[in-house]
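*Asks:* Structure for this input, please:
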Amino acid sequence: MIRDTLSVEAGDVRLAVYVSGPHDAPPVVLVHGYPDSAAVWEPVRAQLDARYRVISYDVRGAGASDAPASRAAYRLERLAADLAAVADATCGARPFHLVGHDWGSIQSWEAVTDPAFRGRIASYTSISGPCLDHASFGLRGAGAGADRAEQPKARHAAKRPPGSHLRQTLKSWYIFFFHLPLLPELVWRAGGARMWPFWLRLTERVRAERDSAQTRNAINGLNLYRANFIDRLRHPRARHAHAPVQFIVPLRDRYVGPELSIGLEGWLGTYTRTEIDAGHWVVLREPERIAAGIERFVEQHRTQHPVDSGGTGTSTINARAAGV
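*Replies:* Now for the predicted structure:
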């Protein structure tokens, strides 16, 4: 299938957008994480674009997209505006199915819980990237000290197994590191970017091609963490999903624990959660499995009307699968 490359203006940046598949097929938008570019989705695209209009893009600061000058330009609301610009340019008024991995998933929650996107997102598949607001309320609800004004919101916090918050904190060591001044940039420049394919091969058993933009992706992408994490931990917002949600949960994820997708009915209503025996970069290692999970959920919701979770959902569909 031929892949077209577009340049889409999104406020202060121009984004590189990649489109393939039949023009009249249901659109599926793929959003990549850190320190990747849209190239991470190419194996999944190859599995989907015979049946769907597959759209990916380099997020601001990555790949062939422009990088904004300020850290504030990487805030979640700006990233959601980028998604809107890409959808306007490629989908028009048609609802689209959204898929995010890693930081692509974290930033996509902003749109999935923003009423301005109601009716535009037909379904959302989240892989290894929690909503920062939900995660923060989960910590507060677990005893991190929600104040009186936040107590009604904290009641929506997930009920998670004992010790899960400590385990996730240990998994999240790199987030603390990324907030240090200058040192993360030095590590990436001094060899981290060059060694990245080796790290994926060692830890994920993935053979990834060396990306000439890896240093740029990694250094610019630090702003994703620095512009959003501390603010969301200090000031979480009540965020209710307006589209059907499924989690694909890799149980051997070194960075995102499976508990972060448990007990979110208060925010999402009824949602689907499928556990798989895989690592964090499953989108590269097992693209057929991921594509199958995306396709199954898309087909369930091709004619689905937007949902109004409103915190009233009472059940979660859970599955544990050898294959999605």
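
*Asks:* Help me confirm that S108 comes into contact with L30.
*Replies:* No: counting by Cβ atoms under 8 Å, S108 sits too far from L30 to count as a contact (10.0 Å). C-beta: built from backbone N, CA, C; applies to glycine.

*Asks:* Give me the common contacts of these two.
*Replies:* Taking Cβ atoms under 8 Å, 6 or more residues apart in numbering as the contact rule, S108 and L30 both touch G100.

*Asks:* any weak-confidence spans in the protein?
*Replies:* Residue ranges of the chain with pLDDT under 70: 1, 141-166, 303-324.

*Asks:* Extract the C-alpha trace of whichever helix in the chain runs longest and format it as CSV.
*Replies:* Counting by DSSP state H, the longest helix found in the chain is helix 214-234. The C-alpha atoms that make up helix 214-234 are tabulated as CSV, following Å, rounded to 0.1, in the frame of the first residue of the first chain:
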residue,chain,number,x,y,z
GLN,A,214,17.0,9.6,17.6
THR,A,215,19.0,12.2,19.5
ARG,A,216,16.5,14.9,18.5
ASN,A,217,13.5,12.8,19.4
ALA,A,218,15.0,12.0,22.8
ILE,A,219,16.1,15.5,23.8
ASN,A,220,13.1,17.3,22.6
GLY,A,221,10.8,14.7,24.1
LEU,A,222,12.1,15.4,27.6
ASN,A,223,9.8,18.4,27.5
LEU,A,224,6.8,16.1,27.4
TYR,A,225,7.8,14.9,30.9
ARG,A,226,8.9,18.3,32.2
ALA,A,227,5.9,20.2,31.0
ASN,A,228,3.3,17.9,32.4
PHE,A,229,4.2,15.4,35.1
ILE,A,230,4.7,17.6,38.1
ASP,A,231,1.7,19.8,37.3
ARG,A,232,-0.6,16.9,36.8
LEU,A,233,0.6,15.2,40.1
ARG,A,234,0.0,18.5,42.0
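
*Asks:* nearest residue to P184 other than its sequence neighbours?
*Replies:* Using Cβ to Cβ, 6 or more residues apart in numbering and skipping the chain neighbours, the partner closest in space to P184 is F178 (5.2 Å).

*Asks:* Helices along this protein, start to end?
*Replies:* 42-48, 76-91, 103-112, 132-139, 151-154, 164-171, 173-178, 183-187, 193-204, 214-234, 265-268, 282-285, 287-300.

*Asks:* name the helices or strands packed onto the last one?
*Replies:* Looking back up the chat, that one is helix 287-300. In terms of contacts (3 or more Cβ pairs under 8 Å, 6 or more residues apart in numbering; DSSP states H and E), helix 287-300 is packed against helix 42-48, strand 96-101, strand 121-127, strand 245-250, strand 271-276, helix 282-285.

*Asks:* Now do it: everything it contacts.
*Replies:* By Cβ under 8 Å, 6+ apart, helix 287-300 touches 26, 28, 43-44, 46-48, 51-52, 97, 99, 122-123, 125, 127, 244, 246, 248, 272, 274, 276, 278, 282-283, 323-324.

*Asks:* redo that, cut-off 7 Å
*Replies:* 26, 28, 43-44, 47-48, 97, 99, 123, 125, 246, 248, 272, 274, 276, 282-283, 323-324 (Cβ atoms under 7 Å, 6 or more residues apart in numbering).
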